[in-house]
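Sequence and predicted model, in that order:
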There are 2 protein chains.
Amino acid sequence: MSSEPKATLTKVRSAVEEELAVFLKFEGAYLNSISSDLSPVSETLTTFLLDSGKRLRPLFAYAGFAASGGSLEKPIVRAIAALELLQACALIHDDLMDGSDTRRGKPSIHRHFESIHNENNLDGSASQYGISAAVLLGDLALVWSDQMLNSAGLSTEQYSRVVPYYNEMRVELMAGQFLDIHEQTQMNTSVDRSMKIARYKSGKYTIERPLHLGAAVTESSTPEKFAALSSYGLPLGEAFQLRDDLLGVFGDPSVTGKPAGDDLREGKRTVLIAMTNERLSESQRAITNQYFGKADLDAHGVGLLQEIIDSTGARAELELTIDRLTDDALTAAQSDVFTPEGNALLVELAKIATKRSS
Amino acid sequence: MSSEPKATLTKVRSAVEEELAVFLKFEGAYLNSISSDLSPVSETLTTFLLDSGKRLRPLFAYAGFAASGGSLEKPIVRAIAALELLQACALIHDDLMDGSDTRRGKPSIHRHFESIHNENNLDGSASQYGISAAVLLGDLALVWSDQMLNSAGLSTEQYSRVVPYYNEMRVELMAGQFLDIHEQTQMNTSVDRSMKIARYKSGKYTIERPLHLGAAVTESSTPEKFAALSSYGLPLGEAFQLRDDLLGVFGDPSVTGKPAGDDLREGKRTVLIAMTNERLSESQRAITNQYFGKADLDAHGVGLLQEIIDSTGARAELELTIDRLTDDALTAAQSDVFTPEGNALLVELAKIATKRSS
């Protein structure tokens, strides 16, 4: 394996995509053998998974694995690629729960099936069909994720060590998602509550647990290594989520693949919004109440809210927090409990996760 | 283990419920340790799983296990109890996809969370909150199902034999569910297509695969035994689904826990409806077009449609088909590749599945 971390990540990413393609081709053919009416299921999931994606969770899992001295083999690639299927479930169901129309610049899955219904003049409600298809495609991606992991070819010992972390990360994902939808129903916002959601949805699910899962594959993982991975993964995961909050409000649509100010239109109670709410003047609060969470918010309204968030200093404070958390992660990445290759990969991934463009 | 099949099934059912209660208590406490805001999640899932349910899938899995010579131990009970969590996911997501208001005489999960939202005057859309909560609770039940199976305490060899059947049954469930929602969008009905849906949703998912999963736990399972279990399970599963179709149209609400004629109001294209459509007179077709699938269908409309379905002979033919399929299953249950205890359990379960009351 190359000692150049960028080259290594590129190689792992390609290997993950190749294994995903093989799995999806095989399982898609199996579905079609049940009925050709299932072809929209396999085609849609295949496009969703292979068209794009930065493969962050597999890459973090690989870094945890390499940091504990592991070297790349096919069963490992398959095992970490399974995390992309879990993430597909999370995204498909998340877009359904948020009522998001787009994902990566294309229609979200429920909208895609709604369009199929409309274009073919099918019977019944197009919107209900879209919802149902998104529920089922997400469920199938979750099942496939598990299937890809349990058939990856890991040894019995490797699988037994990995599976508790896999259970944990899935439960933490669902817990974080529920806390998130619960937060959207509250009368007030809270920086603490929103930080906890960031910790579960991103700190743990996106970074800490994939690192642990990768480390658990190796025989040489000690409690000390798991703790060191947490010291790196938790702050980095929070930084990653806070960057996402900023992109949801200030991000460039051509880069994020989502309309400008999408989180404002949706009224998403992020850490950024909770911080802003703590600092609003009376007149700013009046404007915020009028525009925040309005589904038909136009460019003018988005601009007004962006200006307010900026002027309260919340944006600048969040940037500082991201810098501080990233520094913590970068320090933890240097730990001498990791292999030198692990150190280099963890540093490189910290850059990718916090400067992310979508 | 008692040789009296009814007593055995009662004992297995209690053991399954006990293990489910232990699992749910432990995992619920874990969720609450993350945040007390998660208590509605664990409480709702616990009530949903423990309040009622005939535990059919665990019982079929036990029968497959006993028919191959296995005897009851805690890891086996936990492994087969996991199928109840998978079924909870299927029911919660199914009610969401069908837009069903009730399940077992109580509000369905999305309606339950919609009510929580309304009663507490929460912010945002109550209906969207209900949808989101149902998506997540179903996802969590699916994850817990897997967790309960992989932590059941099966030996490595047992687990490796079981997991391919578990994968298969989950994929077949999702495939059957997708074919079902696809069927509801078609301009015409088809007995063949509806029979295939019955085969996947019930023949395979409810009966054949649980039997196989149970048989796979034992060391002594041969291809011959798996084939004999299919010869019993597939016809019985179809009979079970056709009984469900009849109950959806003619069932007593006090017994089914669903309003009378619910499938008629929903416009569900079952085998019963496909058979009816093949036999309608012109005047009957006009009435059917007017009333079938009307969300506000009243008792008069339900009565009219019931009368038409009856008079075409579709109901009687379906009863004959159920009898024939049940006979096939009962014959297969006697196979001498099974243990005598297995023979007795399979016969008893065939009665329960086809005379089922909800």
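The structure has been received and is ready for your questions. Numbering: from 1, shown residues only, chains lettered A, B, ... in the order given.

How about the contacts made by A:Phe23?
Applying C-beta atoms under 8 Å, 6 or more residues apart in numbering or on different chains to A:Phe23 gives the contacts A:Arg78, A:Ala81, A:Trp144, A:Met148. For the C-beta atoms, the positions are set from N, CA and C on the backbone; glycine is no exception.

overlap between these and the residues near chain B?
Filtering the contacts of A:Phe23 for proximity to chain B (criterion: C-beta under 8 Å from any C-beta of the partner chain) leaves A:Trp144.

nearest to chain B, of the contacts of A:Phe23?
Set against chain B, the nearest of these by C-beta to the nearest C-beta is A:Trp144 (7.7 Å).

And for the nearest residue to A:Ala29 once chain neighbours are set aside, the neighbour number?
Sequence neighbours aside, A:Ser42 is the residue nearest to A:Ala29 in space, at 8.0 Å (criterion: C-beta to C-beta, 6 or more residues apart in numbering or on different chains). If you count neighbours by other C-beta atoms under 10 Å in any protein chain shown, A:Ser42 ends up with 19.

from memory A:Ser42 sits against A:Ser33, does it?
No: the pair A:Ser42 / A:Ser33 is not scored as a contact, 10.8 Å apart, by C-beta atoms under 8 Å.

Let me see the ranges of the strands in the stretch 101-250 of chain A.
Applying DSSP state E, counting those that start in this stretch to the stretch 101-250 of chain A gives strands spanning A:102-103, A:106-107.

Let me have those strands in a markdown table, extended by mean neighbour count.
Putting the strands of the stretch 101-250 of chain A into a markdown table (neighbours: other C-beta atoms under 10 Å in any protein chain shown) gives the following:
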| stretch | mean neighbour count |
| --- | --- |
| strand A:102-103 | 18 |
| strand A:106-107 | 16 |
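
List just the one of the ones you listed that sits closest to chain B.
strand A:102-103 (15.9 Å).

how far does that closest one sit from the chain's center?
Offset of strand A:102-103 from its chain centre (C-alpha atoms, centre = their mean, to the nearest Å): 14 Å.

picking that back up, may I see the strands of the stretch 101-250 of chain A organised as a markdown table, with mean pLDDT and distance to chain B added?
Below are these laid out as a markdown table (pLDDT from 0 to 100; distance: least, C-beta to the nearest C-beta, whole Å):
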| stretch | mean pLDDT | distance to chain B |
| --- | --- | --- |
| strand A:102-103 | 88 | 16 |
| strand A:106-107 | 94 | 18 |
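
Quick one: closest of those to A:Met169.
strand A:102-103 (21.6 Å; C-beta to C-beta).

quick one: the helices in the stretch 251-358 of chain A?
A:253-256, A:262-266, A:271-277, A:282-291, A:299-311, A:314-333, A:340-354 (DSSP state H, counting those that start in this stretch).

and the last one, which residues are buried?
Neighbour counts over helix A:340-354 (16 or more other C-beta atoms under 10 Å in any protein chain shown) mark A:341-350, A:352-354 as buried.

Measure how buried the residue found closest to A:Val271 once you drop the neighbours it is linked to in the chain is and give me the count.
Leaving aside its sequence neighbours, A:Val271 sits nearest to A:Ser194 (C-beta to C-beta, 6+ apart; 4.3 Å). By the criterion of other C-beta under 10 Å, A:Ser194 has 24 neighbours.

Then A:Arg161?
There are 18 residues near A:Arg161, going by other C-beta under 10 Å.

Pull up the gap between the nearest residue to it once chain neighbours are set aside and B:Phe240, please.
Excluding its sequence neighbours, the residue lying closest to A:Arg161 (C-beta to C-beta, 6+ apart) is A:Ala216, at 4.4 Å. Between A:Ala216 and B:Phe240 the distance is 41 Å, computed by C-beta to C-beta, to the nearest Å.

Which pair in the contacts of A:Phe23 has the greatest spatial separation?
Greatest spatial distance among the contacts of A:Phe23 (C-beta to C-beta): A:Arg78 and A:Trp144, at 12.0 Å.

Which one of these two is surrounded by more residues?
A:Trp144 (26 against 21).

per-residue confidence at the more buried one?
You'll see A:Trp144 listed with a pLDDT of 98.

again, but for A:Asp327
So, for A:Asp327, pLDDT stands at 96.

on that earlier part again, got JSON lines for the buried residues of helix A:340-354, with pLDDT and distance to chain B too?
Shown next, in JSON lines, are the buried residues of helix A:340-354 (pLDDT from 0 to 100; distance: C-beta to the nearest C-beta, whole Å):
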{"residue": "A:Glu341", "pLDDT": "96", "distance to chain B": "31"}
{"residue": "A:Gly342", "pLDDT": "97", "distance to chain B": "28"}
{"residue": "A:Asn343", "pLDDT": "97", "distance to chain B": "31"}
{"residue": "A:Ala344", "pLDDT": "97", "distance to chain B": "33"}
{"residue": "A:Leu345", "pLDDT": "98", "distance to chain B": "29"}
{"residue": "A:Leu346", "pLDDT": "98", "distance to chain B": "26"}
{"residue": "A:Val347", "pLDDT": "97", "distance to chain B": "30"}
{"residue": "A:Glu348", "pLDDT": "96", "distance to chain B": "31"}
{"residue": "A:Leu349", "pLDDT": "96", "distance to chain B": "26"}
{"residue": "A:Ala350", "pLDDT": "95", "distance to chain B": "26"}
{"residue": "A:Ile352", "pLDDT": "90", "distance to chain B": "28"}
{"residue": "A:Ala353", "pLDDT": "89", "distance to chain B": "23"}
{"residue": "A:Thr354", "pLDDT": "84", "distance to chain B": "25"}
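
and of those residues, the nearest to B:Asp37?
Using C-beta to C-beta, A:Ala353 comes nearest to B:Asp37 of those, at 27.0 Å.
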